[in-house]
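J.: Kindly return the folded structure for what I paste below:
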Amino acid sequence: MKKLVAYITTGYPDLDFTEDAALALKEAGVDTLELGIPFSDPVADGPVIELANLKSLENGFKIKHLLEVSKKIAPEIDTLWMGYFNPFYKFGIDNFIEEAKKAKVSGFIIPDLPHEESKSYKKKFIENDLALIDFVAPTDSSQRIKEVVENSKKFIYLVAYAGITGSGKSEDLSRVISYIREASDTNIYIGFGVNEKTAKDKAKGVDGVIVGSAFVSIMLDESILFNEKIKKMQELAKIIKEEINT
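T.: Numbers count the residues shown, from 1 in each chain. Now for the predicted structure:
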């Protein structure tokens, strides 16, 4: 069965919502949760996730809040911390690794950490049985893909198109997928522009999908109450999980 990864922004609308939404998404069939670490300049994300980031920061989000809520969520659903390198650098990679182990978080997604620079950290993650998710772009050559995915763990994040999340572009990824399959046995999950309308098509040839903006759009809808937001997020998760597996 193909897997569903859901991204939510930690601390928006508040930490209680983050916890409730995470557990509700698990009930709806989400296999892995990306807990987004709010940052002022999320360069790989589109306007939807960027707005949620800014609102969480305005609400007073701190790294300590991520650690607190993760201890409640990660034992219940496979959890990754997704964030930009600046917060990891400021708090310290070693500190994040220590806290991840305490909270039972399984790994990290750092989209602005280039492969060449990630090499110096990879050994630490491997030694602590944590994943540092590798990214492959549709513009990567076969040789670069081979180098990037050589020691991949958990899954390989295939970027659906060059650009930012949520813009809904489409590209033929069959060539890139074949290059990854030749170089690695690690599962391939596709992200960027995946929603209930695109999931079935984007899931072709891969092992799972990563959905962010579609869930965060519901979180940002101020016309509905928290419970209704969670219900809609569950409904969306169920639809996408069915779409990618039929």
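
J.: Quick check on Tyr189: phi, psi?
T.: The phi and psi values for Tyr189, taken as degrees, to the nearest 10, are phi -120, psi 140.

J.: what's near enough to touch it?
T.: Applying Cβ atoms under 8 Å, 6 or more residues apart in numbering, we find Tyr189 in contact with 3, 5, 155-158, 206-210. Just so you know, the C-beta spots here come from the backbone N, C-alpha and C atoms, and that holds for glycine as well.

J.: cool, and Pro111?
T.: By Cβ under 8 Å, 6+ apart, the contact list for Pro111 reads 43-44, 82, 84, 135.

J.: Which among those count as buried?
T.: Using 16 or more other Cβ atoms under 10 Å as the burial test, those include 44, 82, 84, 135 as buried.

J.: By neighbours, which of the contacts of Tyr189 wins?
T.: Within the contacts of Tyr189, most neighbours by other Cβ atoms under 10 Å means Leu158, with 28 neighbours.

J.: for the protein, where's the lowest mean pLDDT among helices and strands?
T.: helix 115-127 (a mean of 92; mean pLDDT, DSSP states H and E).

J.: Helices along this structure, start to end?
T.: 15-27, 47-58, 63-73, 85-91, 93-103, 115-127, 142-148, 174-183, 199-202, 213-220, 226-244 (DSSP state H).

J.: Packing partners of the longest strand anywhere in the chain?
T.: The longest strand of the chain (DSSP state E) is strand 3-9. If you count contacts as 3 or more Cβ pairs under 8 Å, 6 or more residues apart in numbering; DSSP states H and E, strand 3-9 packs onto helix 15-27, strand 32-36, helix 47-58, strand 188-191, strand 208-211, helix 213-220, helix 226-244.
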